[in-house]
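> Here is my input, please return the structure:
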Amino acid sequence: MKSTYCLSSDKKTELHLVSWEPIETPRGVIQIIHGMAEYIERYNSFAEYLSSLGYLVVGHDHLGHGKSVDQLDPQHGYFGKGETAQHVIEDIEVVRDATAEQYPSLPYFMLGHSMGSFALRCYLQKYNRTISGAVLMGTGAGAAIIPTALSITAGLNKLQPKKVNHLLDELAFGSFSKKFPEPGRFNWLSKNQENIRSYEEDELTGFTFTNNGFHTLFQLIHGANKKGWADSIAEVLPILVISGEQDPVGGYGKGVRKTAKALNDSGVKDVSLVLFAELRHELLFEDEKQQVYEKIGSWLERHL
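Predicted structure coming up:
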């Protein structure tokens, strides 16, 4: 695993960029786009599996996450000034462009998890012809209240962008934990309680977003689910939609199926839908993670 930095599309923040190189010459590239309130190095185990298959794996910490924060005034959950949702989307292209410049002839895949899946869906509306395939993991159909929430967070973002908003966090995610028997606010992430403990103990995961962060998140969710969101995606682009059926972000499978249907209805010809009946939100951190690894690995092999 190697770390470096590159300039964000906001033209001022240094993005933390990580890569995992295979032993032999790479057969393809896979770019991982991580989720809300986490960081790219959490994906080390999965990235090592992919590199063992011969892929170069790359990824970055989003603005306001991991090491992609202002070192003089670090605040996780704050994305910055300006059109931050667009910066998140364009940063995906910044990383792809820098990587593809070094490996111009290799097939290039992207995998987005959770918030990263919504960012990837927005990205695909503009840049889908630059890649060979996409994996949407832990995604969903959004909620009817998102437009109303956006109008609220737009005002809050202007007044107090750096204020941590615990009330919004409770309104957005408070109900997620109620279905599951284990105690704690993060039990919906995983059946694997060791993963939950690790998540709770890591200061770089599970932090609460600022007003600016929630406004950015809701913009990404809205953009990923707006009417006709999939219409501009090339019909030949292979897409894997993969989630746990016990994931509240995906509406316990309902929103995941709706996402796959929207792709099919838009004319995308190669859409694969995989739901793991007993798994929750963080598929790559469950006890059954090897099954998930291999499912993604076999999909990649078929489309390489």
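
> And the contacts of the helix or strand containing residue 224?
In this structure, residue 224 sits in helix 211-225 according to DSSP states H and E. The contact list for helix 211-225, computed with CB atoms under 8 Å, 6 or more residues apart in numbering, reads 36, 64, 77-80, 84-85, 88-89, 115, 117-119, 121-122, 125, 139, 141-143, 146-147, 149-150, 153-154, 156-157, 159-163, 165, 168-169, 172, 209, 229. For every residue, glycine as well, the C-beta is placed using N, CA and C.

> From those residues, list just the buried residues.
Among these, the ones that count as buried by 16 or more other CB atoms under 10 Å are 36, 64, 77-80, 84-85, 88-89, 115, 117-119, 121-122, 125, 139, 141-143, 149-150, 153, 156-157, 161, 165, 168-169, 172, 209, 229.

> Helices - which of the residues you listed land there?
Members of the buried ones among the contacts of helix 211-225 lying in helices (criterion: DSSP state H): 84-85, 88-89, 115, 117-119, 121-122, 125, 149-150, 153, 156-157, 168-169, 172.

> any idea how far residue 117 is from residue 157?
According to CB to CB, to the nearest Å, residue 157 stands 23 Å off from residue 117.

> Equivalent analysis for residue 230, please.
13 Å.

> again with residue 283
12 Å.

> which neighbours do these two share?
By CB under 8 Å, 6+ apart, the residues touching both residue 283 and residue 117 are 137, 138.

> hmm, back to that, output the helix holding residue 224 as PDB - backbone C-alpha positions only.
Provided in PDB are the C-alpha atoms of helix 211-225 (Å, rounded to 0.1, in the frame of the first residue of the first chain):
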ATOM      1  CA  ASN A 211     -24.300  21.300   8.100                       C
ATOM      2  CA  ASN A 212     -22.000  21.600   5.100                       C
ATOM      3  CA  GLY A 213     -21.500  17.800   5.100                       C
ATOM      4  CA  PHE A 214     -25.200  17.000   5.200                       C
ATOM      5  CA  HIS A 215     -25.900  19.500   2.500                       C
ATOM      6  CA  THR A 216     -23.200  17.800   0.300                       C
ATOM      7  CA  LEU A 217     -24.500  14.300   1.100                       C
ATOM      8  CA  PHE A 218     -28.100  15.200   0.300                       C
ATOM      9  CA  GLN A 219     -27.100  16.800  -3.000                       C
ATOM     10  CA  LEU A 220     -25.300  13.600  -4.000                       C
ATOM     11  CA  ILE A 221     -28.300  11.400  -3.000                       C
ATOM     12  CA  HIS A 222     -30.600  13.700  -4.900                       C
ATOM     13  CA  GLY A 223     -28.400  13.800  -8.000                       C
ATOM     14  CA  ALA A 224     -28.200  10.000  -7.900                       C
ATOM     15  CA  ASN A 225     -31.900   9.600  -7.800                       C
END
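
> Helices along the stretch 201-304 of the chain, start to end?
Here the stretch 201-304 of the chain has its helices, by DSSP state H, counting those that start in this stretch, at 211-225, 254-265, 289-303.

> Can you say which of these is packed in most?
Across those, averaging neighbours per residue (mean count of other CB atoms under 10 Å) puts helix 211-225 on top, at a mean of 25.

> For it, what is the distance to the chain centroid?
The chain centre lies 13 Å from the centre of helix 211-225; the measure is CA atoms, centre = their mean, to the nearest Å.

> which residues sit in contact with the closest residue to residue 272 other than its chain neighbours?
Spatial nearest neighbour of residue 272, chain neighbours left out: residue 240 (4.7 Å); criterion: CB to CB, 6 or more residues apart in numbering. Listed by CB under 8 Å, 6+ apart, the contact set of residue 240 reads 133, 134, 135, 136, 272, 274, 296, 299.

> try residue 34
Here residue 34 is in contact with 40, 42, 43, 59, 61, 62, 65, 113, 114, 115, 116 (criterion: CB under 8 Å, 6+ apart).

> if you set the cut-off to 10 Å instead, what comes out?
40-43, 59-62, 65-66, 111-116, 119 (CB atoms under 10 Å, 6 or more residues apart in numbering).
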